[in-house]
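>>> got a predicted structure here, sequence first:
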Amino acid sequence: MQLLESKGAENYSPQGVGAVVDAVEAANADADFTSLSVDDAVTQARTTAANDAAVQQALAENRLPTPTATPGVCIGDCNGNSEVTVDELIKGANIALGNSTLDACPQFDVNGDGSVTINEIITAVNNALRGCQG
C-alpha cells in the first residue's frame, strides 16, 4: 500500500490495486522475514517491491488515465454553448452513476473510455465555476 500511496492510490481502480498487490506479493514470495523486526520487514518488503520490474510494470499499467481536454471542447458543455450549467453537471453525475447513458452528454467523456469519471466531473465543475478554457 505504501507504493500505491506514493503513486496516488486514488489513481488506481480496485482491480488495479489488486494487480499491484499481486505483483508485490510475487516479488516478496521468497523473502525470509523471520529474523527481522516488523519495521525492518516492512522496509525490506517495500524496497524489494520498489526495485522489482514486475511491480513497476503493474504500477504503470494499472494507473487510471488522466483526463485531458480535447482542444476546443468544453468538458461538461452538453449543448455546445461554451458554458457548463447545473443541469449539465447533473447529466454528468447521472452518467457517472449509471442512471443515464453517455449519449446524454458525450462531452463529459474526455479520455474516450466510454465512461464518466470523478476527474471528468471535477473538470466540468471547474468549467462551470470559471468558464470554459477550451
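Received it, and whenever you're ready, just let me know what you need. Residues are numbered from 1 along each chain as shown.

>>> just to be sure, V42 is in a helix?
Yes: judged by DSSP: H, G, I helix; E, B strand; the rest coil, V42 forms part of a helix.

>>> near the residue nearest to it when sequence neighbours are not counted, how many other residues are there?
Computed as CB to CB, 6 or more residues apart in numbering, the closest residue to V42 that is not its neighbour in sequence is Q2, at 7.9 Å. For the C-beta atoms, the positions are set from N, CA and C on the backbone; glycine is no exception. A total of 14 residues lie near Q2 under the criterion other CB atoms under 10 Å.

>>> per-residue pLDDT, Q2?
pLDDT for Q2: 80.

>>> same question for T68.
pLDDT, read off for T68, is 48.

>>> could I get the CA-only coordinates of stretch 15-35 as PDB?
Extracted as PDB, the C-alpha positions of stretch 15-35 are listed here (Å, rounded to 0.1, in the frame of the first residue of the first chain):
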ATOM      1  CA  GLN A  15      -8.700  -4.200  -9.900                       C
ATOM      2  CA  GLY A  16      -5.500  -2.100 -10.400                       C
ATOM      3  CA  VAL A  17      -4.800  -2.200  -6.700                       C
ATOM      4  CA  GLY A  18      -5.300  -6.000  -6.800                       C
ATOM      5  CA  ALA A  19      -2.800  -6.300  -9.700                       C
ATOM      6  CA  VAL A  20      -0.200  -4.200  -7.800                       C
ATOM      7  CA  VAL A  21      -0.700  -6.100  -4.600                       C
ATOM      8  CA  ASP A  22      -0.300  -9.400  -6.500                       C
ATOM      9  CA  ALA A  23       2.900  -8.200  -8.100                       C
ATOM     10  CA  VAL A  24       4.300  -7.000  -4.700                       C
ATOM     11  CA  GLU A  25       3.400 -10.400  -3.100                       C
ATOM     12  CA  ALA A  26       5.200 -12.200  -6.000                       C
ATOM     13  CA  ALA A  27       8.200 -10.000  -5.700                       C
ATOM     14  CA  ASN A  28       8.500 -10.900  -2.000                       C
ATOM     15  CA  ALA A  29       7.400 -14.500  -2.200                       C
ATOM     16  CA  ASP A  30      10.900 -15.900  -1.500                       C
ATOM     17  CA  ALA A  31      11.800 -13.300   1.200                       C
ATOM     18  CA  ASP A  32      12.500 -14.500   4.700                       C
ATOM     19  CA  PHE A  33      11.300 -12.000   7.300                       C
ATOM     20  CA  THR A  34      11.500 -14.300  10.400                       C
ATOM     21  CA  SER A  35      14.600 -12.700  11.900                       C
END
